[in-house]
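Enquirer: Structure for this input, please:
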Amino acid sequence: MKSLPALLAVLGVWAGFAAVAHAQAAPNDAGLANWAVVVVAGDDRSAHDDTPTETFDNARRDVVAALTRRGFNAANIAQFSVNPDRYPADHAGKAGLGVVFTTLEALADKATAGCLVYITSHGSPEGVVMNDRLVPPKVLASMTGRACGVRPTAVILSACFSGVFVPALKAPERLVLTAARRDRSSFGCGEADRYPFFDACVIQALPTAQDFVELGDRARRCVADREDKEGMRPRSEPQLWVGPTFKSVAPAFAGPAAAQPDGKTPDRR
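Expert: The predicted model follows:
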């Protein structure tokens, strides 16, 4: 995997003309339907070897479905996959930081109330994997800041060591939720797993959580309970950071999501 030492400067060139406008943007509609959303499955390989896995794409697809049931507008949600051709019904793009950034920026131009960035993938202490490249914290922070400015923004990262992103992403109007602390692995990324543990807990909590803060609290408890039940050690210890103004400006979720008749969502694995 390649690091991205020069990408921060590239992002600055791409976004330079729009940076001032985004920084000054203020929500004109507090509803989640007016939020810009990108959901990225950044890898397609098992945690143990290069065995293909549907784990991250299962999470991507079902997180998007859960979000739309809680009030986010499907027209303002973009999905990305390492292998989008496998999922034609999802209309996903090819995962890559450049296209994810430009898409988020375009969505944020029309959906001005807030932003949600959700990435599920492998990670390392240096960053999160996106299609065989490592995206470092400062690059993701720059991308998010330039696209979303000071509007309320939630960044959710499902990856090992993803707590490393918290310091770079902190801002008054942000919420940052990660699958693990900066020096811990997360679990559930093998070829036999339907979802990573953290994504499973987010998907479980989304139908009834009242807002992003409750979603984060419930996901953290859910992960700890599952790790205890399955004897996984050391605990991943998901991290939740809430900026001092985020909760006052971010809207609550819409009404509870409707369950499937059997209480489940289809599994494509």
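Enquirer: All the strands of the stretch 1-150 of the chain, residue numbers only.
Expert: All strands of the stretch 1-150 of the chain, identified by DSSP state E, counting those that start in this stretch, fall at 35-41, 77-81, 93-94, 114-120, 123-124, 127-130, 133-135.
Enquirer: Of these, which is nearest Q204?
Expert: Among the strands of the stretch 1-150 of the chain, the nearest to Q204 by CB to CB is strand 114-120 (14.7 Å). In short, each C-beta sits where N, CA and C put it, glycine included.
Enquirer: how distant is the closest one from the center of its chain?
Expert: Centroid separation for strand 114-120 versus its chain: 4 Å, with CA atoms, centre = their mean, to the nearest Å.
Enquirer: Which residues outside that strand are in contact with it?
Expert: Residues outside strand 114-120 that contact it (CB atoms under 8 Å, 6 or more residues apart in numbering) are 27, 32, 34-42, 56, 59-60, 63, 67, 72, 104, 108, 128, 130, 140, 144, 147-148, 151-159, 196, 199, 249-251.
Enquirer: Would you quantify the distance from the residue lying closest to G42 once chain neighbours are set aside to A205?
Expert: Among residues not flanking G42 along the chain, S121 sits closest, at 3.0 Å (CB to CB, 6 or more residues apart in numbering). S121 is 20 Å from A205, where distance means CB to CB, to the nearest Å.
Enquirer: In terms of neighbours, single out the busier of these two.
Expert: S121 (29 against 19; other CB atoms under 10 Å).
Enquirer: Now do the same contact list for the more buried one.
Expert: S121 neighbours (CB under 8 Å, 6+ apart): 40-43, 56, 128-130, 158-159.
Enquirer: ok, 7 Å please
Expert: 41-43, 56, 128-130, 159 (CB atoms under 7 Å, 6 or more residues apart in numbering).
Enquirer: Kindly present those residues as JSON lines, with separate columns for neighbour count.
Expert: Shown next, in JSON lines, are those (neighbours: other CB atoms under 10 Å):
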{"residue": "A41", "neighbour count": "32"}
{"residue": "G42", "neighbour count": "29"}
{"residue": "D43", "neighbour count": "26"}
{"residue": "F56", "neighbour count": "29"}
{"residue": "V128", "neighbour count": "29"}
{"residue": "V129", "neighbour count": "22"}
{"residue": "M130", "neighbour count": "25"}
{"residue": "A159", "neighbour count": "29"}
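Enquirer: Please report how far the residue nearest to M143 when sequence neighbours are not counted lies from N73.
Expert: Leaving aside its chain neighbours, M143 sits nearest to F101 (4.6 Å; criterion: CB to CB, 6+ apart). Distance, F101 to N73, using CB to CB: 21 Å.
Enquirer: And these two? Which one has more around it.
Expert: F101 (23 against 16).
Enquirer: Helices along the stretch 1-150 of the chain, start to end?
Expert: Here the stretch 1-150 of the chain has its helices, by DSSP state H, counting those that start in this stretch, at 7-24, 55-69, 97-110, 137-148.
Enquirer: Mean pLDDT lowest where, among the ones you listed?
Expert: Within the helices of the stretch 1-150 of the chain, confidence is poorest for helix 7-24, with a mean of 40 (mean pLDDT).
Enquirer: Okay, now the unreliable bits of the stretch 101-250 of the chain?
Expert: Applying pLDDT under 70 to the stretch 101-250 of the chain picks out residues 191.
Enquirer: Pick out the residue closest to the middle of this structure.
Expert: The centroid of the chain falls nearest to Y118 when counting by CA atoms, centre = their mean (1.1 Å).
Enquirer: Show me what that residue is bridged to.
Expert: Beta-bridge pairing of Y118 under DSSP bridges involves V39, I156.
Enquirer: likewise the one 10 residues further on?
Expert: Beta-bridge partners recorded for V128 (DSSP bridges): G123, V135.
Enquirer: what's it in contact with, if anything?
Expert: Contacts for V128 were tallied using CB under 7 Å, 6+ apart; they are 42, 119, 121, 135, 157, 159, 162.
Enquirer: Return the member of the residues you listed nearest to D85.
Expert: Using CB to CB, these come closest to D85 at G42, 16.5 Å.
Enquirer: Please render the strands of the stretch 1-150 of the chain as JSON lines that adds distance to C222 to the earlier fields.
Expert: Output for these, formatted as JSON lines (distance: least, CB to CB, whole Å):
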{"stretch": "strand 35-41", "distance to C222": "19"}
{"stretch": "strand 77-81", "distance to C222": "23"}
{"stretch": "strand 93-94", "distance to C222": "30"}
{"stretch": "strand 114-120", "distance to C222": "16"}
{"stretch": "strand 123-124", "distance to C222": "20"}
{"stretch": "strand 127-130", "distance to C222": "21"}
{"stretch": "strand 133-135", "distance to C222": "26"}
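Enquirer: Right, I'll call it a day here.
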